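*Asks:* Just a sequence and a predicted model for now, questions to come.
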Protein chains: 2
Amino acid sequence: MTIYQANILFTSSPTQFEVYERGYIAVDEQGVVQGVYHSLPDGLIYDQLVDFGDKLLIPAMNDLHVHAPQFCNMGIAMDMQLIPWLNTYVFPEEAKFADEAYAETVYHSFVSELWRQGTMRAAVFATSHTPATQILARSFADAGMGALIGLVGMDRHAPENLCNTPISWVSGMKALVDTMAEMPLVKPIITPRFIPSCTPEMLQTMGEMAQQTTLPVQSHLSENQQEIAWVQELEPASTCYGDAYHRYGLFGDTPTLMAHCCYTEGEELRLMREQNVCVVHCPTSNCNLASGIAPVRKFLQAGLNVVLGSDIAGGHHLSMFRVMQYAVQMSKLQYVSSNGQYPFLTLSEVFYMATKAGGAFFGQVGSFEPGYTFDALVIDDLCLSPHSIDATSPIHRLERFIYLGDDRHIQHRFCQGNEINQP
Amino acid sequence: MTIYQANILFTSSPTQFEVYERGYIAVDEQGVVQGVYHSLPDGLIYDQLVDFGDKLLIPAMNDLHVHAPQFCNMGIAMDMQLIPWLNTYVFPEEAKFADEAYAETVYHSFVSELWRQGTMRAAVFATSHTPATQILARSFADAGMGALIGLVGMDRHAPENLCNTPISWVSGMKALVDTMAEMPLVKPIITPRFIPSCTPEMLQTMGEMAQQTTLPVQSHLSENQQEIAWVQELEPASTCYGDAYHRYGLFGDTPTLMAHCCYTEGEELRLMREQNVCVVHCPTSNCNLASGIAPVRKFLQAGLNVVLGSDIAGGHHLSMFRVMQYAVQMSKLQYVSSNGQYPFLTLSEVFYMATKAGGAFFGQVGSFEPGYTFDALVIDDLCLSPHSIDATSPIHRLERFIYLGDDRHIQHRFCQGNEINQP
C-alpha cells in the first residue's frame, strides 16, 4: 500500500468537488484506491508515504473522442466546414497510414502528446489500415496508458485508398483483438466512421459483431446540418440520424459513444435516453468546424450521459482542460441566447465529464472513491499564482490551472496505479 | 541599419497575409522599417544581418483592453456575470492598489506576463489610485514596452475606497502626465470606468479634459443587457449607451476605444461610425462573463474599426493569440446562427486586428510596411510540427502557432526596434 499526500480534489458526482486539503489517498498494489482521508486513520498499514506537499492531486483526464491519424493536421486549415474539410485535409492525411513507418512515428508522437497533456485514457479513431491500428495499440500499451481503439470501417463516399470492405474490416478486427489480448489497458471498439461512409452491408456486419462480442461502439452523430440531410437521403427509412445506427444494432445495444450531437432533439434524444447512448461533447471542434454547439444542459436535464472529447483535428488542442474551458464557455453563450432557460455548466460538472463520466468506459476509472483505479495527475500550479497562493482555495487553484495552466504544470502522471513516464 | 532574415508575415490589409519566405527586413537606428524584401537589393548598405533561419517573424501583439489590477484574479471565479462579479471579486482586489508595495509587485508581474505572451503595447485600465498608476507607467517604461494608461475615474456605485472625485482625478491625471513626460512609449488615456461608475460631474470633467488635451479615451460599452438597462436609467436623456458618453464629449471627439459592444446596433452603431469610435472586441471575456458575443462581421460591414482585447480578468488569458482564436471561433458560431448571413472572420482579419489596427493607437505600429516601427516577434515553431514542417506553408505554420503554441515558442521580442528582455 502506498499513501499519497496532497491537496486532493475529485468529483464523485457532478454537483460538487470533494476536497481533501493536505489529505491522504491509499492505493494498493493493484493500483486500486483503498481510501481517501482528511487525516491518516490510526493503525493503517502502508509501505510508503509520498508527500506532494502543497500541490494538487486530481484524477487523470479521459478523452472520449479523438482521431489519432489527424495529429499532424492539428491547428491548421481552420477555415472549412465538415464535408469539404474531410475531403481536402483529413482523407489525404489518413491515407498516409498505409505506410507503417509513418504510422509508427506519428502514433508515437500522438501518445506522447496525450501523456504530456495529462490524458491517460482515450477512445480513439484510427484509420481503416489494420497494421497501423495495431501499431497504435502497441503505442498505448508500451506507454502503460489506456485506450479503446477503433479500426475505422468505411466503404463508400471516401477515397478508394481509405476504404475497406465488410470482410476486410472483420479480419482486421480479429487481428486487432489478437494483438490486444496481452494488453490489459487497451481494448477494441467497433467504429463505423459515420453513416455516409458506410454501406448497409458494412453497418450490418458491424452491428452483428457488436451483438456477438458485446464490444462497445463509437461514431459521429448529428454534427452538422448538411451531414444530417445527407444521412436522411442515404437512409430514408430511418426516423432520425441516430435511428440509422439503431437499425443496425449500433446504437446502445452495447456501450455506445456518439460524438457531437449538435442537433440532437426530439426522437433522437428520446432514443439516446432509451438506449443509454452516451453523448461525447466536443466543443472546440464544434466551434472550429462551425458546426454549432450541442445543447448539453438540455441533455443533462433529459438524463443523458455526457462526456468530453478533444476531437483533434476538428478540435485544435489535445488538452482536456482546454476542452473543459470551452464546454463551460459555450454553455454560457447558450445561457445568454436562451435568456437564462439553460443554466450554464459549472466547473464541477465539466470536470466530472472529463474524469468519472468518461472514465466509466474504461472500468472503475476517473474518481478517487474506494475501488477506483488510481489514474491521477499531480499539478504544480504554484507559479500560476505568485501573489495570492496562500489565500486561494484548492478549487480556485484548480480553476486557475484549468484556465491558465498547461503541460508544464503537470508534474506526475499515474495510470492504473503506475507512474507513467513520457512515452 | 540592421537586416533581419526570416519567414516574414504581416497584414497591411485585413484581406490577406503578406509573406516573404526567407525574406529580409531593414530597420534603421530609430527602429523604423525601411523596407521588406524577397531578396536583398543590390547596394543596400547595412551594419549587420541577423539571420533567424527558418523561423517566423511577425509584428508584435497589441492588447487594446486590459485591466492591470485584475492580474491576480485571472482564471478564477468564472461563475458570475458582470455586475455581481465586479462587486464580489473585482472591486475588493482593486482596492489593494492603495498599497504601493502591492502595486509594485503585481504590476511588475503583469508587465512581465504581457512580455512573455508577446504583447508589446497595451491600452490599460489601472485603478483610481494615482501612485499605483504611476508605478504601472514606470513598469512599462522600464521594460521598454508601450502603453496607454488610464487612471480610472469612478465616483458612484462602487466601494468608497475605490472612488475618486472629479477634482482628485484631474490632479491625478496631471501627476500622471508629469510622470510620463520622460517616457516616449507610455502615454495617458482618459478612462471613465463606465457610465454607472461616473456621475455627470465626473463625465463632464473628463470630457473637458479630452477637448483641452486631445488625449484619447477608453471605456466600456454595451457589454451586458442588465448593464445597458442600468445606463438607460442613470442617463435617461441619452438615445443609447454610446450617446451617454457622447453627450460629455467622450465618444470620438478624440481617438476612442470602446470595449465589448456586444449589443451595439441601430443608433449606437451609426454614432460609432460617425464619430469613428473603435470597437475593442474581447471574445474571451464575453464568453466567460456570459455577456454575449459582439457582432463583429456586422461592424466590419458597417465600416467600423475593430481591434482586440484580452480584458483580463473577464478574459482568462493575456495571450492575444488565444484571443484571435476565440474571435474566429465565436464568429463561426455567429455564422451558423445567422444561417451564413455573416461570414466568419478569417485568420488574416483577426491578425490584422491584433497588429496593424490595434497598433494604430500607438503610432505607426503593427505592420512591417516602410515607416512602421519595428515591433516584432520571432516564433520558433519547429517543435509544433515535428513530422511535416517542410511541407507546411508559412501561413499554416503561423496558424498552428496561433492555435497550439504558447510563450515557449516566442524566441525574441522587439519593441520600437529594440530587443526587449524579460522585465
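*Replies:* That came through, no problem. Note that the structure is a prediction, hence the values are computed from the model and not measured.
*Asks:* tell me the domain ranges of chain A?
*Replies:* By the assignment in automatic domain parsing, chain A contains the domains A:2-60+A:366-419, A:61-362.
*Asks:* So the residue in the stretch 1-150 of chain A positioned nearest to chain B versus A:G314, what's the distance?
*Replies:* Going by C-beta to the nearest C-beta, chain B is nearest to A:G75 of the stretch 1-150 of chain A, at 3.7 Å. C-beta here means a position set from N, CA and C on the backbone, and glycine is covered the same way. A:G75 is 11 Å from A:G314, where distance means C-beta to C-beta, to the nearest Å.
*Asks:* do the same with A:I410
*Replies:* Counting by C-beta to C-beta, the gap from A:I410 to A:G314 is 24 Å.
*Asks:* Could you do A:E419 as well?
*Replies:* From A:E419 across to A:G314, the span is 32 Å (C-beta to C-beta).
*Asks:* sorry, back to before: contacts only, for the residue of the stretch 1-150 of chain A closest to chain B.
*Replies:* A:A313, A:H316, A:H317, B:L384, B:E399, B:R400, B:F401, B:I402, B:Y403, B:L404 (C-beta atoms under 8 Å, 6 or more residues apart in numbering or on different chains).
*Asks:* again, only using 6 Å
*Replies:* Listed by C-beta atoms under 6 Å, 6 or more residues apart in numbering or on different chains, the contact set of A:G75 reads A:H316, B:R400, B:Y403, B:L404.
*Asks:* Among these, which lie within helices?
*Replies:* Residues of these located in helices (DSSP state H): B:R400, B:Y403, B:L404.
*Asks:* Present the residues you listed as CSV; the columns should include pLDDT.
*Replies:* What follows is the ones in helices among the contacts of A:G75, written out as CSV (pLDDT from 0 to 100):
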residue, pLDDT
B:R400, 94
B:Y403, 96
B:L404, 95
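*Asks:* Using the three-state scheme, assign A:D51.
*Replies:* strand (DSSP: H, G, I helix; E, B strand; the rest coil).
*Asks:* neighbours around it, how many?
*Replies:* When neighbours are defined as other C-beta atoms under 10 Å in any protein chain shown, A:D51 has 12 of them.
*Asks:* Read off the pLDDT value for it.
*Replies:* Note for A:D51: predicted pLDDT of 98.
*Asks:* mind checking how far it is from A:I8?
*Replies:* According to C-beta to C-beta, A:D51 and A:I8 sit 13 Å apart.
*Asks:* Then A:H260?
*Replies:* Separation of A:H260 from A:I8 (C-beta to C-beta): 33 Å.
*Asks:* Neighbour count for the two, which is higher?
*Replies:* Between A:H260 and A:I8, counting by other C-beta under 10 Å, A:H260 is the more crowded of the two (31 against 26).
*Asks:* my read: that one touches A:E223, true?
*Replies:* Yes - counting by C-beta atoms under 6 Å, A:H260 touches A:E223, with 3.9 Å between them.
*Asks:* can you give me the helices in the stretch 251-400 of chain A?
*Replies:* A:266-275, A:283-288, A:296-301, A:320-337, A:347-352, A:358-359, A:394-404 (DSSP state H, counting those that start in this stretch).
*Asks:* Please write out the alpha-carbon positions of the first one in PDB.
*Replies:* Right, the one you point to is helix A:266-275. Output in PDB follows, covering the C-alpha atoms of helix A:266-275 (Å, rounded to 0.1, in the frame of the first residue of the first chain):
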ATOM      1  CA  GLY A 266     -37.000  15.000 -30.300                       C
ATOM      2  CA  GLU A 267     -37.000  11.400 -31.400                       C
ATOM      3  CA  GLU A 268     -33.200  11.100 -31.500                       C
ATOM      4  CA  LEU A 269     -32.900  12.400 -27.900                       C
ATOM      5  CA  ARG A 270     -35.600  10.000 -26.800                       C
ATOM      6  CA  LEU A 271     -33.800   7.100 -28.500                       C
ATOM      7  CA  MET A 272     -30.500   8.000 -26.900                       C
ATOM      8  CA  ARG A 273     -32.000   8.000 -23.500                       C
ATOM      9  CA  GLU A 274     -33.900   4.800 -24.000                       C
ATOM     10  CA  GLN A 275     -30.800   3.100 -25.400                       C
END
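*Asks:* avg pLDDT for it?
*Replies:* Averaged over helix A:266-275, pLDDT sits at 98.
*Asks:* so what pLDDT did A:S12 get?
*Replies:* The score at A:S12 is 98. That number is its pLDDT.
*Asks:* Chain B contacts on chain A?
*Replies:* Within reach of chain B by C-beta under 6 Å from any C-beta of the partner chain, chain A has these residues: A:72, A:75-76, A:106, A:287, A:290, A:292, A:316, A:329, A:332, A:335-336, A:387-388, A:396, A:399-400, A:403-404.
*Asks:* ChimeraX command to pick out the buried ones of those residues?
*Replies:* A single ChimeraX command selects the buried members of the residues of chain A next to chain B (16 or more other C-beta atoms under 10 Å in any protein chain shown):
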select /A:72,75,76,106,287,290,292,316,329,332,335,336,388,396,399,400,403,404
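*Asks:* what's the spacing between A:N305 and A:G292?
*Replies:* As judged by C-beta to C-beta, A:N305 and A:G292 stand 21 Å apart.
*Asks:* Lowest mean pLDDT among the helices and strands of chain A, which one is it?
*Replies:* Here the helix or strand of chain A ranked lowest by mean pLDDT, DSSP states H and E is helix A:82-85, holding a mean of 82.
*Asks:* contacting residues around the helix or strand that that one is followed by?
*Replies:* Sequence order places helix A:91-95 as the next helix or strand after helix A:82-85, per DSSP states H and E. Applying C-beta under 6 Å, 6+ apart, the contact partners of helix A:91-95 are A:P69, A:N73, A:T127, A:P159, A:N161, A:L162.
*Asks:* Nearest to B:Q364, out of the domains of chain A?
*Replies:* Nearest of these to B:Q364, taken as C-beta to C-beta: domain A:61-362 at 30.0 Å.
*Asks:* Was I right to think A:A313 contacts A:C72?
*Replies:* No - if you go by C-beta under 6 Å, A:A313 and A:C72 don't touch, sitting 8.1 Å apart.
*Asks:* Give the closest residue to A:Y20 in space, chain neighbours not counted.
*Replies:* Closest residue in space to A:Y20, ignoring its immediate chain neighbours: A:I8 at 4.1 Å, by C-beta to C-beta, 6 or more residues apart in numbering or on different chains.
*Asks:* Could you point out the helix or strand that follows the helix or strand hosting that neighbour?
*Replies:* According to DSSP H and E, A:I8 maps onto strand A:2-13. Downstream of strand A:2-13, the next assigned helix or strand under DSSP H and E is strand A:16-27.
*Asks:* For that following strand, enumerate the helices and strands it packs against.
*Replies:* Judged by 3 or more C-beta pairs under 6 Å, 6 or more residues apart in numbering or on different chains; DSSP states H and E, strand A:16-27 is in contact with strand A:2-13, strand A:33-37.
*Asks:* Any buried residues in it, and which?
*Replies:* A:F17, A:E18, A:V19, A:Y20, A:G23, A:Y24, A:I25, A:A26, A:V27.
*Asks:* residues touching the second one, list them.
*Replies:* Taking C-beta under 6 Å, 6+ apart as the contact definition, A:E18 lies against A:F10.
*Asks:* for it, which residues make a bridge with it?
*Replies:* When assigned by DSSP bridges, A:E18 has beta-bridge partners A:F10.
*Asks:* circling back: between A:E419 and A:G314, which is the more surrounded one?
*Replies:* The neighbour count for A:E419 versus A:G314, taken as other C-beta under 10 Å, is higher for A:G314 (30 against 12).
*Asks:* Would you mind measuring from that one to B:M183?
*Replies:* According to C-beta to C-beta, A:G314 and B:M183 sit 46 Å apart.
*Asks:* repeat for A:H65
*Replies:* Distance from A:H65 to B:M183, by C-beta to C-beta: 51 Å.
*Asks:* same thing with A:I312?
*Replies:* Distance from A:I312 to B:M183, by C-beta to C-beta: 45 Å.
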